[in-house]
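>>> Any chance you could fold what I've pasted below:
(2 chains)
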2 protein chains.
Amino acid sequence: MMNGKKQDQTGENGTNPNPPSSETVINLDHGDPTAFETYWRKVGERSAITITGDQSLSYFSNLKSLCWFLEPKLEEEIRRLHEVVGNAKVDDHYIIVGAGSSQLIQAALYAVSPFDHPEPISVVSAAPYYSSYQEVADLMKSGLYKWGGDANSFEKDGPYIEMVTSPNNPSGEMREQVVNRPQGKTIYDLAYYWPQYTPITSKLDHDIMLFTLSKCTGHAGSRIGWALVRDKDVARKMVNFLVISTIGVSKESQLRAAKILGIISDSCQDHDKSSELENFFEYGQHLMAKRWEKLREVVESNELFSLPNYPSKYCLFTKHVAEAHPAFAWMSCNSDVEDCEIVLRGQKILARGGRRFGSDTKYVRVSMLSREQEFNLFLQRLSAIQGNFTREN
Amino acid sequence: MMNGKKQDQTGENGTNPNPPSSETVINLDHGDPTAFETYWRKVGERSAITITGDQSLSYFSNLKSLCWFLEPKLEEEIRRLHEVVGNAKVDDHYIIVGAGSSQLIQAALYAVSPFDHPEPISVVSAAPYYSSYQEVADLMKSGLYKWGGDANSFEKDGPYIEMVTSPNNPSGEMREQVVNRPQGKTIYDLAYYWPQYTPITSKLDHDIMLFTLSKCTGHAGSRIGWALVRDKDVARKMVNFLVISTIGVSKESQLRAAKILGIISDSCQDHDKSSELENFFEYGQHLMAKRWEKLREVVESNELFSLPNYPSKYCLFTKHVAEAHPAFAWMSCNSDVEDCEIVLRGQKILARGGRRFGSDTKYVRVSMLSREQEFNLFLQRLSAIQGNFTREN
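The predicted structure is shown next:
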C-alpha cells in the first residue's frame, strides 16, 4: 500500500522541508486529511493539550457509563458538536468510542450478527462501496459474517447487514438503504456527513450511526471514531468487542479529540470576532469548493476524464444553498482509456482503482484532502496527461 | 465486567477525592496498574508532553518503515529501553506497534495462521493461562484459528499456535513452550518480563515477542504495545492486520509512550543524583516487594489461603539475587473453601476466579497493582475473612 515511497512532511514552522518535486510520487490513495492542517496552524496555542506523566494510567474512564473507557469530556463534546451542526440526533443514543470508524465497523458487525446462525451472514453495500468493507468483513474468515458484495443485487433470504455510506465513499452522493428485506440490519457510516463536504439536509436518526474524527476535523492520526447507538444490547455488545480486541481506546487521543471538537463547536458559536476563531466548517467548505472548482476546470479542458455532478441543496447548518464537495473525486475515464488508475500512476499519482469499490477500471478514486502543494501538483500532472497519454499510446 | 461499580479516582492535586470506604467495592479483577502513579507524580513536569492542534494529522508516521504508522521516536525509545534493561534482543527484529498487547496478540495469531488450511488451527497455552487468550481466539468464530485449551494436553497433528506467557499471567513463574511438535508456532507474551516483577535472567531472543506499556510503566490508558518480530513476512502480515482493523495506532499515545519510555531509560542511566530521577525499576521492585511481604504476612496468619513461592535468582539488571514479585497474586484456598472468588466477593473484593484461567474455583487471581489505599483495604478485608467466613458457614 505504501510502496516505500517518501511522503512530504510539514515541518514544525509550517513550511514543507521536502516540497514535492517533479520526481515525487503523490499518494492520493488514502483519504489522508492533511488539508486541514492550515486551519489548526492558525488556531495555534488554543488547540494544544498537555498531558502529565501521572495522568490517565488507568484503563477506566467512567465506571458509571456503559462505555466505561470513554472519557466523559469527549462524550460531552461529541454530543455538543452534533447539536451545533444538527447532522444527527444524540438524545436517545449511547455513545461508543473506537480506534477510528474502522474498529467501530467491526464492533457493529459483531454486535448485530446473530451468534448462533449456522453460517456467516452476508455484509452488503451498494456499489460503488467503500473498499474497506470487504477487507474488514473477510479479514478473519469469520463464522459470524462474510462479505456479500453489491447490495443492489442481493437476494438471499435470512439475516444480513447492509452498510450505508452517506455521503458515499467513493462517489459522494447521499444514500439510503437499498435492500429493505426482513431480518436486515443497517449500519450507517456517516464519516463524511459534515458541512465541509455536503449540505446538511436533515438531522439523521438511525439505530447505528458511525462518525470519525479523521474526516470531521482532519485528525486521522488520532484514530478516534464514535458510534451513536440506540439499542442498549447492541451498544453493550459493541463495548464487549472493543474490550476484547483492544481493552478500550487511547486516553490521550480521547482527551485531544475532546479539545479539538470543543474548538470546532466554539468556532461555530463564537460570534465575538475578537477571538479570531474562524468557523471551521465554513473554512473547510471554502477550501473544498475551491479545490473542486479547480479540478472541474482541469477535467473540462481535458477530454479524458469526467466527474459526478451534485445537486444544489439547502444546508440547515450554513443556511445557504450549496452543492456537495466530496472528500474524494470519483473520476471516470472516457472510452479510449482502459485503466484510469494506471494512467494516473504514469504521472506519479497514486489513486485507488474502481475495482476495489465493486466498480471497474474505468473509475478511480482520488483524495481531495492532501496538502495544498500536493493538490496543485496533482492538478498540474492531470493537465499534462492528455498529451502524455496520447504520446505513449 | 465493570458491574457498574464506582472506582476511586485520583484528583488533579494527587489526593483521592473519593477515598475507599467500608462500602466501596475494590476492583482487583483487572490488572489496572495505578500503583505506579506515585512514581510519575514525583517525576512531575519532566514527564509531561504538549501536542499542538496541527500536529500528527496524518495516518503516516514513517514511510520508510515497514510499520509505516510507527512513530520513529517511539521505535528509538523501545530499542533503547530493551538495551538498557537487557530483557530482549532487538537487533534483528522489526518493531510493530499496536493498541496494547491485546491487539498484537490478534495480529500475531492472524500472521502465523495458514490462510488456506481447511479448518481453524488450535491456539493453546499451558494452564493456568491468561483468560483473554480464549476470548480473543474465539471472538470472531474465525476460520483461521480457534481456542484449543490447555497446551499440556494438546495432541493434535498439524499446525497449531502456542501462547507462552513468561512470567505467567496469572501464576507469575517463568515459562517455556511445552508442546514442541512440528508445524507449531510460538508467540511469547512477555508483558511482565520487567525487573519490578521478576529477575531478568537472560536476554530473550524469540521469533515473536510481545510487550506492553501498561505493565512496563503503568500507562494502561494509552493502549500501547509492541511486538519484536524476526521474520519480515510475519511482520508484514501483522502490519496488514493492524491497517485493516484500525489503520494504525494513536499518534498521541505513541508520542507520549516515547516520552515515558525515555524517562525510564534516563532513570536507569542517570547517575547524576542532582536530577532526582529515581530508577523506575528499583522503585517498582521495592513497591512490589513490600506489597508481597505484607500479603504473605496476612495469608500466613490466616489459614484459608496460600500463595506460590518463587525461587531467588540473580537479576542481570539489578545485579542482585531476588525472588519474583508478580503483578498478580494467584491465591489458592484450603480444602474447606469451594469458591475462592465468591469468598472474596463477600468482602467486596472483585477478583477473577480460577476457571477463567483453565484452572478451578479453588484459585483466584488478584491484582497487586492497585493504588495504595485500595491495596491496604484489600489486606484489611482479607485479614477479616476467616472470622466472617466461619460465621457465614
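>>> Strands of the stretch 101-250 of chain A, residue ranges please.
For the stretch 101-250 of chain A, strands defined by DSSP state E, counting those that start in this stretch occupy the ranges A:121-125, A:145-150, A:160-165, A:184-189, A:208-212, A:225-229.
>>> domain parsing for chain A?
A:26-42+A:278-392, A:72-268 (automatic domain parsing).
>>> got the end-to-end distance for the longest one?
Pointing back at domain A:72-268 there. 22 Å (CA to CA, to the nearest Å).
>>> where are the low-confidence patches of the stretch 1-150 of chain A?
For the stretch 1-150 of chain A, residues meeting the criterion pLDDT under 70 lie at A:1-19.
>>> just the strands of the stretch 101-250 of chain A: most buried one?
Highest mean neighbour count among these (mean count of other CB atoms under 10 Å in any protein chain shown): strand A:225-229, with a mean of 28. Backbone N, C-alpha and C define where each C-beta goes, glycine included.
>>> Report whether that strand contacts chain B.
No. Strand A:225-229 is not in contact with chain B by CB under 8 Å from any CB of the partner chain; minimum separation 9.5 Å.
>>> Next, the angle from that strand to strand A:208-212.
In terms of direction (axes from the mean of the first three to the mean of the last three CA atoms, to 10 degrees), strand A:225-229 departs from strand A:208-212 by 160 degrees.
>>> Convert strand A:225-229 to PDB, retaining C-alpha atoms only.
Taking only C-alpha atoms (Å, rounded to 0.1, in the frame of the first residue of the first chain), the coordinates of strand A:225-229 have been written out as PDB:
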ATOM      1  CA  GLY A 225     -14.200   7.400  15.900                       C
ATOM      2  CA  TRP A 226     -17.600   7.200  17.600                       C
ATOM      3  CA  ALA A 227     -20.800   5.400  17.200                       C
ATOM      4  CA  LEU A 228     -24.300   6.600  18.100                       C
ATOM      5  CA  VAL A 229     -26.300   3.500  19.100                       C
END
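>>> and residue A:222, how many neighbours?
Neighbours of residue A:222 under the rule other CB atoms under 10 Å in any protein chain shown: 28.
>>> got the residues of the stretch 201-350 of chain A near chain B?
Residues of the stretch 201-350 of chain A lying near chain B (CB under 8 Å from any CB): A:218-224, A:241, A:243-253, A:255-256, A:259-260, A:263.
>>> change it to 7 Å
Within the stretch 201-350 of chain A, the positions lying close to chain B (CB under 7 Å from any CB of the partner chain) are A:218-223, A:243-253, A:256, A:260.
>>> what distance separates stretch A:239-249 from the middle of the whole chain?
How far stretch A:239-249 lies from its chain's middle: 22 Å, per CA atoms, centre = their mean, to the nearest Å.
>>> ok, back up a step: which of the domains of chain A is buried the deepest?
Comparing the domains of chain A by mean count of other CB under 10 Å gives domain A:72-268 as most buried, with a mean of 21.
>>> Please see if stretch A:83-94 touches chain B.
No. Shown here: stretch A:83-94 not in contact with chain B (CB under 7 Å from any CB), separated by at least 14.4 Å.
>>> Which residues outside that stretch are in contact with it?
The contact list for stretch A:83-94, computed with CB atoms under 7 Å, 6 or more residues apart in numbering or on different chains, reads A:66-67, A:79, A:82, A:190, A:193-195, A:200, A:203-205, A:209, A:228-230, A:232, A:235, A:265, A:268-269, A:316-317.
>>> Give me the distance between the two termini of it.
This stretch, stretch A:83-94, spans 15 Å end to end (CA to CA).
>>> near chain B, which residues of the stretch 51-200 of chain A?
Checking the stretch 51-200 of chain A against chain B by CB under 7 Å from any CB, the hits are A:51-54, A:56-60, A:63-64, A:68, A:99-100, A:102-103, A:106, A:135-136, A:139-144.
>>> In helices only, show me the residues you listed.
Those of these mapping onto helices are A:100, A:102-103, A:106, A:135-136, per DSSP state H.
>>> Out of those, which is nearest to residue B:149?
residue A:106 (25.9 Å; CB to CB).
>>> For the closest one, give me its contacts.
By CB under 7 Å, 6+ apart, the residues touching residue A:106 are A:136, A:241, B:245.
>>> got any ranges where the stretch 201-350 of chain A has weak pLDDT?
Using pLDDT under 70, the flagged stretches of the stretch 201-350 of chain A are A:271-275.
>>> any chance you could map the helices in it?
A:213-217, A:232-246, A:251-269, A:280-301, A:340-345 (DSSP state H, counting those that start in this stretch).
>>> Save the ones you listed as a markdown table, and put in distance to residue B:214 too.
Below are these laid out as a markdown table (distance: least, CB to CB, whole Å):
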| stretch | distance to residue B:214 |
| --- | --- |
| helix A:213-217 | 23 |
| helix A:232-246 | 12 |
| helix A:251-269 | 12 |
| helix A:280-301 | 35 |
| helix A:340-345 | 42 |
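>>> so which of those gets nearest residue B:110?
Among the helices of the stretch 201-350 of chain A, helix A:232-246 sits nearest to residue B:110 (CB to CB), with 12.0 Å.
>>> residues in contact with the closest one?
Defining contact as CB under 7 Å, 6+ apart, one finds that helix A:232-246 is touched by A:66-67, A:94, A:96, A:98-99, A:103, A:106-108, A:110-112, A:208, A:227, A:229, A:248, B:1, B:99-100, B:102-103, B:106, B:135-136, B:139, B:223.
>>> about what we covered before: in CSV: the contacts of residue A:106, plus distance to residue B:178.
Below are the contacts of residue A:106 laid out as CSV (distance: CB to CB, whole Å):
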residue, distance to residue B:178
A:136, 35
A:241, 31
B:245, 30
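>>> Show me which of those residues is closest to residue B:370.
Nearest member of the contacts of residue A:106 to residue B:370, counting by CB to CB, is residue A:241, at 26.6 Å.
>>> who are the neighbours in contact with the closest residue to chain B within the stretch 51-200 of chain A?
In the stretch 51-200 of chain A, the residue that lies nearest chain B is residue A:53 (2.6 Å; CB to the nearest CB). For residue A:53, the contacting residues are B:40, B:43, B:47-48, B:260, by CB under 7 Å, 6+ apart.
>>> Spell out which residues sit in contact with the residue nearest to it when sequence neighbours are not counted, please.
Leaving aside its sequence neighbours, residue A:53 sits nearest to residue B:47 (CB to CB, 6 or more residues apart in numbering or on different chains; 2.6 Å). Contact analysis of residue B:47 by CB under 7 Å, 6+ apart lists A:52-53, B:40, B:259-260, B:263.
>>> and which of these is nearest to residue A:34?
residue B:259 (23.9 Å).
>>> doesn't residue B:50 make contact with that closest one?
No. Applying CB atoms under 7 Å, one finds residue B:259 not in contact with residue B:50, separated by 10.3 Å.
>>> Against residue B:74, how distant is residue A:292?
In this view, residue A:292 and residue B:74 are 37 Å apart by CB to CB, to the nearest Å.
>>> And for residue A:95?
As for residue A:95, its distance to residue B:74 is 29 Å (criterion: CB to CB).
>>> can you check residue A:226 too?
The value you get for residue A:226 to residue B:74, if CB to CB is used, is 26 Å.
>>> What lies in contact with stretch A:332-342?
A:303-306, A:331, A:343, A:351, A:353-354, A:361-364.
>>> and those residues, which two are the farthest apart?
Across these, the longest distance by CB to CB is 20.7 Å; it joins A:303 and A:353.
>>> Chain neighbours aside, what residue packs nearest to residue A:288?
residue A:325 (3.7 Å).
>>> what's near enough to touch residue A:298?
A:379, A:382-383.
>>> Which single one of those residues is nearest to chain B?
Once CB to the nearest CB is applied, the member of the contacts of residue A:298 that ends up nearest chain B is residue A:379, at 20.9 Å.
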